[in-house]
Structure formats: C-alpha cells, structure tokens
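A.B. asks: have a look; sequence and predicted model below, questions after that.
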Amino acid sequence: MTLTISGLYLEYLFLLFIRILAIFGAAPIFGHRSFPMVAKIGLAFTVAFVLLGVAPTWLGPLPPDIASFLLLVVREVFIGLLLGFIASLAFVVLQMAGALVGSAMGLNLASTFNPVTGTPSSVTDQFYVLLTSLVFLSLNGLHWLLQGVNRSLMLAPLGGPGPDLRLTERLIPMTAWLFVAALEIALPVMGTLILAEIAMGLVNRAVPQMNVFMIGLPLRAWLALFTLVVTLPLLGGPVARVLQTGFAGWNLILKP
C-alpha cells in the first residue's frame with residue numbers, strides 16, 4: 001500500500017502547526033520556560049496532524065504565490081499568540097491578586113527572582129499561580145485548550161477570511177472584569193489587614209507608649225496567613241470562573 005501526501009496537505013499541516021505552536025508558546029502551562037521546547041514542538045505537530053485528519057471542514061483556499069502564503073503564516077502566528085495570551089490572562093490576574101496580597105502583607109521586600117516568569121515575585125504571587133495551575137489541571141484545562149484550538153479553526157479557518165478582530169471593544173471589557181475578579185480574590189486578606197490597621201491605629205491613640213510598629217508587622221503577617229488558610233477552600237470557585245472567562249474570550253475575540 002502506498003501512502004500519498006499532497007503538497008496542499010503539507011501546506012495546511014504547516015499552517016495548523018504554526019497556529020498551535022504559537023498558542024502553546026503563550027498559553028498557560030505550555031508557555032512556561034520550564035516546558036521543554038522539543039516537547040512543545042512535538043505536541044503541537046501531533047495535535048495538528050490529528051486535527052487535520054479528523055476535522056477537514058474548516059479548510060479554506062490557499063493562495064498560489066509564496067508571498068501570500070507567508071502572509072498567511074504571519075496571520076496564523078498572530079492568531080495563535082493572541083489566543084494564547086487570552087488564555088494566560090487568568091494566570092496573570094491571579095498573579096496580580098497574589099501581588100496585592102503580598103503588598104498588603106509587606107512581603108514585597110522579600111521578593112525573589114522567578115525563573116519561570118523572568119520577573120521578581122513574592123511568595124504569595126507564586127502561591128496563587130500554583131493554586132491556579134492546580135485548579136486548571138483539576139478542571140481538565142488541557143482539554144479546554146484543545147477544544148479551544150478546534151473551535152478557533154471553525155471561527156477562523158485556515159486560508160479562509162480572517163476574524164473581525166475588534167480588539168478594543170471586545171478585549172478591554174473582558175480584561176476589566178478579570179482584574180475586578182483579581183481584586184475580589186485578594187479582598188478577604190486585604191480587608192482583614194485594613195481592619196487590623198484601623199485597630200492598631202485606635203490602640204496607638206489609646207496607648208501612645210506602646211510600640212505599635214513592632215507589634216503590627218508580625219501581627220499583619222499572622223492575620224494574613226490565618227485569613228488565607230481560612231478562605232482557601234472558597235477560592236476554587238472564583239479561580240475556576242476566572243479560568244472559564246479566559247477561555248470564553250476565544251469565542252468573544254474570534255466571533256464574526
């Protein structure tokens with residue numbers, strides 16, 4: 001038996017591989033520097049090969065000249081990076097929530113260099129990112145990601161007309177909601193610390209001789225840790241909603 005692969009099939013496979021690789025390059029989990037590039041390329045090629053074999057309905061016409069084909073490659077890179085960025089917004093938002101909590105706890109001075117993100121981050125930043133990763137994996141987030149890749153091909157076919165990317169009016173409302181969600185997640189700890197500040201201010205007014213500053217620093221840390229532990233079982237729902245909103249943004253961005 002002879003297996004014949006046409007040049008057109010290889011062109012479609014290459015375009016699909018480029019889009020998926022761009023998505024994996026910016027998506028959560030896969031986009032981390034700790035994820036090997038060889039594994040990322042191999043996984044992107046495998047997913048592209050499988051999708052091209054089982055769902056050929058979203059194949060549009062390809063241009064005959066090389067210049068137009070290169071423009072299609074650039075288009076696929078742009079769409080892939082955009083979708084990966086939207087999917088990773090949830091992790092950025094949770095990292096922001098951790099930064100707010102760390103700032104309220106006074107842990108910014110204890111920031112260390114995070115080799116994964118390439119930026120300084122506090123203990124709470126890393127804690128919230130790890131929590132988001134666990135929720136992402138427990139909710140079968142990798143399946144969401146693959147479903148989103150297939151959905152993106154239906155909304156923006158290979159070689160077909162590009163999506164109406166009105167990013168300003170579509171992306172800004174979604175990101176605004178995500179940052180409000182970050183504040184909501186960080187609010188229990190921040191609210192507790194604000195109440196502690198008010199209480200320490202009243203104590204300072206009532207007992208001026210007391211060194212409130214020396215007492216306040218460890219008290220703030222213990223109160224924040226206690227509140228974080230108590231509210232930890234309640235964080236799964238908000239984190240899951242943030243992740244779902246991030247992936248729902250794919251349909252919002254690519255819709256006609």
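C.D. replies: Arrived safely. Numbering: from 1, shown residues only.
A.B. asks: how far out from the middle of the chain is the strand or helix carrying residue 79?
C.D. replies: Per DSSP states H and E: residue 79 is located in helix 66-105. Counting by C-alpha atoms, centre = their mean, to the nearest Å, helix 66-105 is centred 7 Å from the centre of its parent chain.
A.B. asks: now swap in stretch 39-46 and tell me
C.D. replies: 20 Å.
A.B. asks: before we move on, what about stretch 42-55?
C.D. replies: 23 Å.
A.B. asks: show residues contacting it.
C.D. replies: 9, 12-13, 16-17, 20-21, 24, 30, 146, 149-150, 153 (C-beta atoms under 8 Å, 6 or more residues apart in numbering). Heads up, the C-betas are built off the backbone N, CA and C, glycines and all.
A.B. asks: tell me the one of those nearest residue 171?
C.D. replies: Of all those, residue 171 sits closest to residue 149, with 19.2 Å by C-beta to C-beta.
A.B. asks: that closest one falls within a strand, correct?
C.D. replies: No: assignment of residue 149 by DSSP: H, G, I helix; E, B strand; the rest coil gives helix, placing it outside any strand.
A.B. asks: check contacts around it.
C.D. replies: Counting by C-beta under 8 Å, 6+ apart, residue 149 touches 19-20, 23, 47, 51.
A.B. asks: name the nearest residue to the residue minimising distance to the centre of the chain, ignoring sequence neighbours.
C.D. replies: A centroid search over the chain (C-alpha atoms, centre = their mean) returns residue 88, at 1.6 Å, as the residue closest to the centre. What sits nearest to residue 88 in space, not counting adjacent residues and going by C-beta to C-beta, 6 or more residues apart in numbering, is residue 28, at 4.9 Å.
A.B. asks: if we can go back for a sec, and the residue nearest to the centre of the chain, what does it touch?
C.D. replies: 26-28, 31, 246.
A.B. asks: what's the most distant pair in the residues you listed?
C.D. replies: 31 and 246 (13.1 Å).
A.B. asks: mind checking which of these two has more residues around it?
C.D. replies: Neighbour tally, residue 31 and residue 246, criterion other C-beta atoms under 10 Å: the higher count belongs to residue 246, 26 against 19.
A.B. asks: any idea which of the contacts of residue 88 is closest to residue 137?
C.D. replies: Once C-beta to C-beta is applied, the member of those that ends up nearest residue 137 is residue 28, at 10.0 Å.
A.B. asks: got the phi and psi for that closest one?
C.D. replies: Per-residue torsions, residue 28: phi -60, psi 160 (degrees, to the nearest 10).
A.B. asks: isn't residue 30 up against residue 40?
C.D. replies: Yes: between residue 30 and residue 40 a contact is recorded at 6.0 Å, counting by C-beta atoms under 8 Å.
A.B. asks: between these two, which contacts overlap?
C.D. replies: Joint contacts of residue 30 and residue 40 (C-beta under 8 Å, 6+ apart) are residue 24.
A.B. asks: can I get stretch 127-138 in PDB, CA atoms only?
C.D. replies: Output of stretch 127-138 as PDB, limited to C-alpha atoms (Å, rounded to 0.1, in the frame of the first residue of the first chain):
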ATOM      1  CA  PHE A 127       1.300  30.600  45.700                       C
ATOM      2  CA  TYR A 128      -1.600  32.000  43.700                       C
ATOM      3  CA  VAL A 129       0.000  30.900  40.400                       C
ATOM      4  CA  LEU A 130       0.500  27.300  41.700                       C
ATOM      5  CA  LEU A 131      -3.100  27.300  43.000                       C
ATOM      6  CA  THR A 132      -4.400  28.400  39.600                       C
ATOM      7  CA  SER A 133      -2.300  25.700  37.900                       C
ATOM      8  CA  LEU A 134      -3.800  23.100  40.200                       C
ATOM      9  CA  VAL A 135      -7.300  24.300  39.600                       C
ATOM     10  CA  PHE A 136      -6.600  24.500  35.800                       C
ATOM     11  CA  LEU A 137      -5.400  20.900  35.700                       C
ATOM     12  CA  SER A 138      -8.200  19.600  38.000                       C
END
